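# Curious how this folds, go ahead:
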Amino acid sequence: MHPEEKDLIRKAIDTIKSGGTVVYPTETVYGLGADALSEEAVRKVYEIKRRDLSQPLSVAVSSFEMLHKVASVDSESLEIITELLPGPVTVLLRKKEVVPDVLTAASEVVGVRFPDNEIATRIIKEAGPITSTSANVSGRNPPTCVEEVEIKADIIINGGKSKYGMPSTVVDMTKARTRTRATANEEKANIKIKIEIKRRGACYDRVLHVLRSKAAGKGLHGFPMP
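Predicted coordinates for the structure are as follows:
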C-alpha cells in the first residue's frame, strides 16, 4: 500500500470519527460510509443518497467481535456466518440497542456486512462499525469504480474496479427457530434454523453451496430462491 493511500485511509478514519462521510471501495460495489452508531451521521447518509427513511441501511464490520457489538448471534448461526464472511454477503440479524433506529427504519433487524477488501476493513477496524450502502443516489445503479460515483462525500477513496461489480447476496437469519424435544438417547434437543436468501447477488452459488452443506448437520431448512 502506497504512503499516499495510507494517508488517505487515515483521513477517512478521522473523517468518520468526526461525523463525516466517506466513499470507500468494497469487493461488491463502492459504499458510502459514516459512523453507523451515530444517528446524526446516519441521517447524513440518507440525505446524500436522497433515500427515504423507510428504507433501512446496513452496517459494515471488520471482525466477528465487532459483529457481536451490533447484532445478536447464537452459536449455531455463528458457525454458518463464519463460512460466509468475510465476503460479498449481507446477513440479516437481530440488532442490538447500540444501533440507532433510524439506520434500520425502526426495525429490530439489521443487515451486517464484513467486506473482503483491505481498504474497507482498515477503515472499519479503527473507525468502528460504519454504514454499508452503495454510493449512489437511491434508485440509480451502484458504482463499481470511482469514476461512476456521482454523489458528494467528504472523502472519496479510489480502490480500483470492484472485484464482483454487483451488490451482495442477502441472507436472512432472523426467522424463528424450532427446537425438537430431546429423547432419552440425546443429550440435548435439536435446533432447526430457518434461513431465507432475500436477494441473489455476488457469489450466490457459493452461498447456496455453504447453506446446503450445513443442512444435514445443523437442521437447516427453508432457504428458498429469491
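
# can you give me the helices in this protein?
3-17, 39-49, 64-70, 75-84, 118-127, 204-218 (DSSP state H).

# is it possible to export those to a markdown table including mean neighbour count?
C-beta coordinates here come from the backbone N, C-alpha and C atoms, glycine included. A markdown table is the format used below for the helices of the chain (neighbours: other CB atoms under 10 Å):
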| stretch | mean neighbour count |
| --- | --- |
| helix 3-17 | 16 |
| helix 39-49 | 18 |
| helix 64-70 | 16 |
| helix 75-84 | 16 |
| helix 118-127 | 20 |
| helix 204-218 | 15 |
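
# Could you tell me the least trusted of the ones you listed?
Mean pLDDT is lowest for helix 204-218 among those, at a mean of 81.

# which secondary structure elements does that helix contact?
Applying 3 or more CB pairs under 8 Å, 6 or more residues apart in numbering; DSSP states H and E, we find helix 204-218 packed against helix 75-84, strand 169-172, strand 196-199.

# please redo it, this time with the cut-off set to 7 Å
helix 75-84, strand 169-172 (3 or more CB pairs under 7 Å, 6 or more residues apart in numbering; DSSP states H and E).

# quick revisit: out of the helices of the chain, which gets nearest to Asn136?
helix 39-49 (7.1 Å; CB to CB).

# what about Ala106, distance to Arg140?
Distance, Ala106 to Arg140, by CB to CB, to the nearest Å: 25 Å.

# quick one: the longest strand along the chain to chain centroid distance?
If you go by DSSP state E, the chain has its longest strand at strand 87-95. Relative to the centre of its chain, strand 87-95 is centred 5 Å away, using CA atoms, centre = their mean, to the nearest Å.

# Turn the helices and strands packed on helix 204-218 into a markdown table, including distance to Lys6.
Listed next are the helices and strands packed on helix 204-218 as a markdown table, based on distance: least, CB to CB, whole Å:
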| stretch | distance to Lys6 |
| --- | --- |
| helix 75-84 | 29 |
| strand 169-172 | 31 |
